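Turn this into a structure:
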Amino acid sequence: MADTYTNKTLREIIRVVAGRFVGIAVIILMVVSAVALATYYAPRTYRSQIRLLAKPSRMTSPLESDVSSLREQVSLFVATQREIILSDYVLASALMALEGEKLPTPAELDNARVEEWDRKVQTYISGDPGKGIPGHGEYLRRVAKRVEMVTPGGPDSTFSQTLMIRVDWSEEQTESARAAMGALGLTSRQVAAMRAHDMARYIMEAHLARYARLETDRSKAAAAFLTKQALEAARKGMDDAGRDLDEFVGKVKGDLLAVINLTRYSAGMETGVASLTTRFQGEMDKIDERLAEVRALLKAVDAELAKNDPSRIVVPDAITAQNPSVTTLQAKIINLKLQINQLQARYTEVYRELADSRTELAAAERELWGEMAKQRDRLNQELSVLAAQRESLARTVAQHRARADELASKTATYDRLREAMASAQAIYDNEKKRVVSAATAEKLAANPVLVTVLDDASFPDPKDPRKPVLWINMLVAIVAGSVLALAYAVLADHFDHSLKGIDSAERYLGSPVLASVPKLGRRIITVQ
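So this is what the prediction gives:
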C-alpha cells in the first residue's frame, strides 16, 4: 500500500495527478455537465415588486401632545403592513383573484359582499369537509415564503416611508398554468413572469382593502365601548385615591418626611431611625466586648492579690500594657533580683549592700502589690461606668426599634396609597386617550395612512429569470468537480499496491537501485 498523501514528494504528487488525468477530467466534466443540465431544466423564478410611499395623516386634537409622533406612526404602520401582507387572509385573497375571483373594493366595506368574500376566503384556507372541499393551508405557507415586504433599512427596519412588496414566482406545471399556456399561447416561463406580476398587484389591492377594513372595525369598536361615563368613572377613581392619600398625609403630619425618606430607598438599605438603631446596636456590641475583657482582667487581678504575698504576684500582660508604673516597678524588681544573685555569690548574708538590696526589693514588691490594688479599683470603676452606658444604650435601642416599627407600618400604608393613586392616574390617562381616539374614529378609519404607489408592479422579463444563475452554478460545479476529482486521485493512489518508480522501489525494498532500463518508444529503435 502506498504511503499517506502527506508523506509523498512533490514529484510523486505530480505523478499521481498526471497518471489519473483522464479520470480527473472525466469527473470534472460529469459534474459540470450534470449541473449545467440541472440548471437548464430547473424551474425559473421571476420577481415582481411594487414600491409604495406611506405618509401618516395629520389630525388636530385637543391633546396633540399625547398623539404619537410621525416616527411612531410610520413604524407602527410598517410593522402592521408586514403582518397583514403575510397573513393567510391576504395571500388567500390574492390567490383567489389569480384564479379569476373578483376582489372586493374599499367602497364595498359596508356591503354584504365583504361577508360573502370572508366566507370564501375561510373556505379556501380551511376547506369545507361537508362539501369535500380541501383546504390550502400548506400551499399558503409555501406562497408566504415567496412574498416579502422590505424597506431601505433592511427587512427588520420599521421606520421608513418607502416600502416595497416583492413576489417571487417559479415555473409551475399545475392545471391552471397549463390552461393559461394553452389559452394564451404562452410558454411556462412567460406564464410564471405574468403570474409574478399579477400576484404582486393582487396582494397590493387585497392588503389595502384589508387594512382599511380592520381600521374601520377597530374605530367602530372603540367608539361603541368608550363613552363619557367611562372617562367619568376613571376620574372618580382617581379622585378617591387622591383623597385617601391626602387624609393619610394629614394624619402622619410630623412623620411625613421620615416616611418619604424611607420610601426612597430600596429593600436592604437603611435610613433615619433604622440607621440609628443599627449604629447604637454596634456600640452596645463594643461595650459588651469591653465588659467581658474588664471582668476577665479583674478576675485575674483578684486572684493575684488573694495570694497575700507581694513576692509571688504575677502581673497580667493587659495590666502591664495599660499602667506604665507597673512596667517601671517590674523592671526595677528584675534588676534588684539580678543584683542580689550576683552579691550572694560573692558575699555573706550580713554584707551591707546585699541587705540593702533585699530591703529595697521587698519595698518594690509591696509597691507593686499596691499598684495592683489600685488597678483593681480602676477596673471596678470602669466596670460600673460600662454597665451604666450599656443600660442607657439598651433603652435607646428599644425606643428606636419601637419607632422604626411604627414608621414601617406608616410607610407601607403610604406606599399602598401612592401606588393606588398612580394606578388611578394611569387608568384615567388611558381612558382620556381612548375617548379622544373614539372622537376622531371616523377620520382615522377614513384615511389613517396615505399610501401612494410610486411604481406599479414590475413585469419580469421571461428571458431573464432571477433564479437559477448560470455562471454561479457553473463556478460552483467546477470547484466541486475539482475537489471530487482530486479526492478520487488521492484515494486511488492510496489503495494502489504497485511500485511506480525508483523512489517507491528503494523505499519499500530497502535497497538502493543500481541501474534502471528506460522505456523506449518505437521511434528510438531504428532498423539499418
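
how about the strands in the protein?
Assigned by DSSP state E, the chain shows strands spanning 45-56, 147-150, 162-170, 449-455.

closest to residue 323 out of the ones you listed?
Residue 323 lies closest to strand 45-56 among the strands of the chain, at 90.1 Å (Cβ to Cβ). In short, each C-beta sits where N, CA and C put it, glycine included.

Just the CA trace of that closest one, in CSV.
These are the backbone C-alpha positions of strand 45-56, laid out as CSV (Å, rounded to 0.1, in the frame of the first residue of the first chain):
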residue,chain,number,x,y,z
THR,A,45,-38.1,32.1,-10.8
TYR,A,46,-39.2,35.6,-11.6
ARG,A,47,-39.6,38.6,-9.3
SER,A,48,-42.2,41.4,-9.4
GLN,A,49,-42.1,44.3,-7.0
ILE,A,50,-44.2,47.3,-6.1
ARG,A,51,-42.8,50.5,-4.5
LEU,A,52,-45.0,52.5,-2.1
LEU,A,53,-44.9,55.7,-0.2
ALA,A,54,-46.6,55.7,3.2
LYS,A,55,-47.4,59.1,4.8
PRO,A,56,-49.5,59.2,8.0
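
and it, what does it pack onto?
helix 70-85, strand 162-170, helix 188-225, strand 449-455 (3 or more Cβ pairs under 8 Å, 6 or more residues apart in numbering; DSSP states H and E).

Report the angle between that strand and helix 188-225.
For strand 45-56 against helix 188-225, the angle by axes from the mean of the first three to the mean of the last three Cα atoms, to 10 degrees is 30 degrees.

now residue 119: how far from residue 93?
12 Å (Cβ to Cβ, to the nearest Å).

For the two, work out which one has more neighbours and name it.
Between residue 119 and residue 93, residue 93 has the larger neighbour count (other Cβ atoms under 10 Å), namely 26 against 11.

List the contacts of the nearest residue to the more buried one once chain neighbours are set aside.
The shortest distance from residue 93 to any residue other than its chain neighbours is 4.0 Å, reached at residue 206 (Cβ to Cβ, 6 or more residues apart in numbering). Going by Cβ atoms under 8 Å, 6 or more residues apart in numbering, residue 206 touches 89, 90, 93, 94, 97, 103.

ok, now with 6 Å
Listed by Cβ atoms under 6 Å, 6 or more residues apart in numbering, the contact partners of residue 206 are 90, 93, 94, 103.

pretty sure the first one is in contact with residue 205, am I right?
No. Using Cβ atoms under 6 Å, residue 90 is not in contact with residue 205, being 9.6 Å away.

neighbour-wise, which of the two wins?
Counted by other Cβ under 10 Å, residue 90 and residue 205 do not tie: residue 90 has more neighbours, with 26 against 17.

before we move on, the earlier item: could you single out the most deeply buried of the strands of the chain?
Stretch with highest mean neighbour count among the strands of the chain: strand 162-170 (a mean of 20; mean count of other Cβ atoms under 10 Å).

in the chain, which helix or strand is least confident?
In the chain, no helix or strand scores lower on mean pLDDT, DSSP states H and E than helix 441-446, which sits at a mean of 48.

Please parse this protein into its domains.
5-40+470-509, 43-225, 259-436 (automatic domain parsing).

wait, which of those domains is closest to residue 239?
Nearest to residue 239, of the domains of the chain and by Cβ to Cβ, is domain 259-436 at 8.2 Å.

roughly how far apart are residue 208 and residue 197?
Taken as Cβ to Cβ, the span from residue 208 to residue 197 is 17 Å.

give me the number of residues near residue 97?
Counted with other Cβ under 10 Å, the neighbours of residue 97 add up to 18.

Read off the pLDDT value for it.
Listed pLDDT for residue 97 reads 88.

surely it meets residue 202?
Yes. The criterion here is Cβ under 6 Å, and residue 97 meets it with residue 202 at 4.2 Å.

Next up, the contacts around the nearest residue to residue 315 once chain neighbours are set aside.
Once flanking residues are discounted, residue 315 sits nearest to residue 326: 5.7 Å by Cβ to Cβ, 6+ apart. Contacts for residue 326 were tallied using Cβ under 6 Å, 6+ apart; they are 315, 319, 320, 371.

what's the burial count for residue 315?
20.

typed the wrong thing, it's residue 471
Count around residue 471 with other Cβ under 10 Å applied: 8.

Any chance of JSON lines for the contacts of residue 206, columns distance to residue 470 and pLDDT?
Output for the contacts of residue 206, formatted as JSON lines (distance: Cβ to Cβ, whole Å; pLDDT from 0 to 100):
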{"residue": "90", "distance to residue 470": "34", "pLDDT": "89"}
{"residue": "93", "distance to residue 470": "36", "pLDDT": "90"}
{"residue": "94", "distance to residue 470": "31", "pLDDT": "90"}
{"residue": "103", "distance to residue 470": "38", "pLDDT": "83"}
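
could I get these as CSV with distance to residue 282?
Formatted as CSV, the contacts of residue 206 follow (distance: Cβ to Cβ, whole Å):
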residue, distance to residue 282
90, 71
93, 76
94, 77
103, 81
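
do you know how far the nearest residue to residue 290 once chain neighbours are set aside is from residue 305?
Spatial nearest neighbour of residue 290, chain neighbours left out: residue 386 (5.9 Å); criterion: Cβ to Cβ, 6+ apart. The gap separating residue 386 from residue 305 is 21 Å, by Cβ to Cβ.

quick check, nearest of the contacts of residue 326 to residue 232?
Nearest member of these to residue 232, counting by Cβ to Cβ, is residue 319, at 83.8 Å.

what residues are up against the closest one?
With Cβ under 6 Å, 6+ apart, residue 319 has these contacts: 326, 375.

Next one, pLDDT for it please.
75.

ok, what's across the strand from the residue nearest to residue 460 when sequence neighbours are not counted?
Of all residues not flanking residue 460 in the chain, residue 46 sits nearest, at 3.7 Å (Cβ to Cβ, 6+ apart). As for beta bridges, residue 46 partners with residue 169 under DSSP bridges.

residues touching residue 46, list them.
Counting by Cβ under 6 Å, 6+ apart, residue 46 makes contact with 169, 192, 193, 196, 460, 465.

could you redo the last one with a cut-off of 8 Å?
Taking Cβ under 8 Å, 6+ apart as the test, what residue 46 contacts is 168, 169, 170, 189, 192, 193, 196, 460, 462, 465, 466.

From residue 172, how far out is it?
From residue 46 over to residue 172 (counting by Cβ to Cβ), the distance is 12 Å.

next one: residue 294
For residue 294 relative to residue 172 (Cβ to Cβ), the value is 101 Å.

ok, those two, which is more surrounded?
residue 294 (19 against 15).

where's the more buried one relative to residue 119, distance?
From residue 294 across to residue 119, the span is 97 Å (Cβ to Cβ).

Also residue 217?
17 Å.

Could you do residue 424 as well?
45 Å.

and if you look at residue 291?
In terms of Cβ to Cβ, residue 291 sits 92 Å off from residue 119.

quick one: residue 120 from residue 205, how far?
16 Å.
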